[in-house]
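K.L.:
I need the structure of the sequence given here:
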Amino acid sequence: MVDAKWHGYLDNQINTRPDAPAVSDPTGTNWTWGALGKAVEDASQTLRDAGVMPGDRVMILSENSTATVAFLFGCSRLGAIAIPFNARQTEAELARVVEHATPAAIVLTTAVSRDAQAHADRLGSQPVTGKFGTVHLVARSSDPDPDRDVAVLLYTTGTTGTPKGVMLTHDNLRFGGMTSSNLREMTTNDVIYGVLPVTHVFGLASVVTAATYAGAQIRFEPRFSAAALYEALTSGVTLLSAVPQMHALLMQYTKEKGYDRLPSDTLRYVSSGAAPLDPTWKRKAEAFYGVAVQNGYGMTETTAGVSATRNEIGDPDISVGPPLPQVEVRIDETVPGGGDGEGEVLTRGPHIMKGYFRNPEETARALDSQGWMRTGDLGCIDDRGHVHILGRSKELIIHGGFNVYPPEVEAALNDHPQVIQSAVIGRVAAGDEQVLAFCQVPDGCTLSPDDLRAFVAERLAGYKRPRQIILASSLPAAPTGKILKHRLLDTFAEQLDP
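P.N.:
A predicted model of the protein is given here:
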């Protein structure tokens, strides 16, 4: 019988297929399921030796690697709660989450991440070596939580800029992995390209957990490059989950090599997430890959998935598909902007988070007594039962597959002494969303956009930094002084880059 904990899927592969290929990464590591199991045991023991107790939280500051997965499952085996956190985050971003989560240990995957190494140097961590390879470790005081349902905490900054730890349970991850695997009809013969960050829910649930459930192989890549993706897709990879920007760069790279379409004999499934599909782009992408491009909808709080398509190639459908099995979706038309079948998307089922860590107020706002979660997104359901997302009521920007919350970026800009106030919005372009910043500065100010860009680079991860910064002596505002964000694009149209 499979253990009801998250690592139970792993145990099933270890017990039934120990010699089958499991995970690899650019360090040269290439583990079977049995070897991964030994690495997980070593990771778990390393945490015990560092004083980590069941119920403690362990931050895994990383980029995609085999060691990352060893410590994720090592936490589960120990009974600790993993906090996957992207090593590309800045020192200030890391400090806010550490203060809120109070982890008993921080593990840094320095072998694959120069940013993890920089954090390790600053934190005064020590290298540790085991069957998982070499990582750096910082031991801190233990503060265990008696709640043993939670498997991971995934942090978002929230619309207020305050970190919010989404509590996903063992059952959440098991359901998300099984559902994602079944949706893609994964088998032991599949090879998955693992470039979506494991520190975010899509990579964690729909790649790592789904592959572990099915026994599929994962080729991890710490950072995206079109050249590496091309090499992988032309050398055995069968499944690709990516965001529009990755698809676009791969298409350009392939074109430069003299091909109109991807020369792959193995690729059978492609999905594009984290941004709406454009019909023209979808047709172009399907011609390029030679397979249907699927779409879906989800968020951290829903263990990635709410709905997804299973379309044939050429299907003009640009919805996010019907709800996944056991998932319910309904539309609340009573919200502002609702009516005539449109409103806020609500969902419930085994995919819904337990709540926000140490934040009962936000949890109560998101979840009602009947288990429905308010997504904050506006949408509708068509006659076929397919969900359509019409807009994000929370002003969330999704750039390159990462969540960017305007208040956090605005706060970084406003820290500059010559910035009076700022407004940050998203603009859809080439299947992605660009981050644009508009800053009010004093008359005669000598500050340049490049100066401000360098200033925020120390405060924001790369994907949060504005693509363009416009400086002005005034911004469109209501009589109350509130900036009218909906007027920014028109007001500054002549200054915007194409």
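K.L.:
what's the burial count for Ala228?
P.N.:
Using other Cβ atoms under 10 Å, Ala228 has 16 neighbouring residues. Backbone N, C-alpha and C define where each C-beta goes, glycine included.
K.L.:
which residues touch stretch 90-99?
P.N.:
Contacts to stretch 90-99, defined as Cβ atoms under 8 Å, 6 or more residues apart in numbering, come from residues 59, 61, 83, 85, 106, 119, 122, 155, 163, 165, 458-461.
K.L.:
for the stretch 151-300 of the chain, what spans make up the strands?
P.N.:
In the stretch 151-300 of the chain, the segments counted as strands under DSSP state E, counting those that start in this stretch are 164-169, 191-194, 217-220, 239-242, 269-272, 293-294, 296-297.
K.L.:
Helices along the stretch 151-300 of the chain, start to end?
P.N.:
When secondary structure is read from DSSP state H, counting those that start in this stretch, the stretch 151-300 of the chain shows helices at 170-184, 201, 210-214, 226-233, 244-256, 279-289.
K.L.:
wait, which of those helices is closest to Leu78?
P.N.:
Nearest of the helices of the stretch 151-300 of the chain to Leu78, taken as Cβ to Cβ: helix 170-184 at 13.1 Å.
K.L.:
So for the closest one, mean pLDDT?
P.N.:
What helix 170-184 shows for mean pLDDT is 97.
K.L.:
so what does that helix touch, helix or strand wise?
P.N.:
helix 8-16, strand 150-156, helix 210-214 (3 or more Cβ pairs under 8 Å, 6 or more residues apart in numbering; DSSP states H and E).
K.L.:
Please dump these into CSV; it should also carry distance to Glu185 for every row.
P.N.:
Conversion of these to CSV gives the following (distance: least, Cβ to Cβ, whole Å):
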stretch, distance to Glu185
helix 8-16, 17
strand 150-156, 25
helix 210-214, 9
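K.L.:
Mean pLDDT added to the ones you listed, as a markdown table?
P.N.:
Shown next, in a markdown table, are those (pLDDT from 0 to 100):
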| stretch | mean pLDDT |
| --- | --- |
| helix 8-16 | 98 |
| strand 150-156 | 95 |
| helix 210-214 | 98 |
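K.L.:
one step back: deepest in the core, which of the strands of the stretch 151-300 of the chain is it.
P.N.:
strand 296-297 (a mean of 26; mean count of other Cβ atoms under 10 Å).
K.L.:
after that one comes which helix or strand?
P.N.:
Next in sequence after strand 296-297, counting helices and strands by DSSP states H and E, comes strand 307-308.
K.L.:
That following strand packs against which elements?
P.N.:
Strand 307-308 packs on strand 296-297, going by 3+ Cβ pairs under 8 Å, 6+ apart.
K.L.:
what's the strand it packs on packed up against?
P.N.:
So strand 296-297, by 3+ Cβ pairs under 8 Å, 6+ apart, packs with strand 307-308.
K.L.:
residues in contact with the strand it packs on?
P.N.:
In contact with strand 307-308 (Cβ under 8 Å, 6+ apart) are residues 183, 271, 294-298, 320-324, 327, 329, 386-387.
K.L.:
What is the distance between that strand and the centre of its chain?
P.N.:
Put simply, strand 307-308 sits 17 Å off its chain's centre (Cα atoms, centre = their mean, to the nearest Å).
K.L.:
For Ala210, give its distance to Gly400.
P.N.:
22 Å (Cβ to Cβ, to the nearest Å).
K.L.:
So between these two, which is more surrounded?
P.N.:
Ala210 (28 against 17).
K.L.:
show me the contacts for the more buried one.
P.N.:
Ala210 neighbours (Cβ under 8 Å, 6+ apart): 176-178, 180-181, 184, 186, 216.
K.L.:
Turn those residues into a markdown table, including distance to Ala412 and neighbour count.
P.N.:
What follows is these, written out as a markdown table (distance: Cβ to Cβ, whole Å; neighbours: other Cβ atoms under 10 Å):
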| residue | distance to Ala412 | neighbour count |
| --- | --- | --- |
| Gly176 | 32 | 27 |
| Gly177 | 35 | 26 |
| Met178 | 39 | 18 |
| Ser180 | 34 | 29 |
| Ser181 | 39 | 22 |
| Arg184 | 38 | 24 |
| Met186 | 40 | 21 |
| Ala216 | 40 | 24 |
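K.L.:
out of those residues, what pair is the most spread apart?
P.N.:
Gly176 and Ala216 (15.3 Å).
K.L.:
residue contacts, Asp260?
P.N.:
Contact analysis of Asp260 by Cβ under 8 Å, 6+ apart lists Phe288.
K.L.:
switch the cut-off to 10 Å
P.N.:
By Cβ atoms under 10 Å, 6 or more residues apart in numbering, the contact list for Asp260 reads 251, 254, 287-288.
K.L.:
Point out the least confident one among these.
P.N.:
Among the contacts of Asp260, Met251 has the weakest pLDDT, 85.
K.L.:
about what we covered before: now render the contacts of Ala210 as a markdown table, adding distance to Ser474.
P.N.:
What follows is the contacts of Ala210, written out as a markdown table (distance: Cβ to Cβ, whole Å):
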| residue | distance to Ser474 |
| --- | --- |
| Gly176 | 47 |
| Gly177 | 51 |
| Met178 | 54 |
| Ser180 | 48 |
| Ser181 | 54 |
| Arg184 | 51 |
| Met186 | 55 |
| Ala216 | 55 |
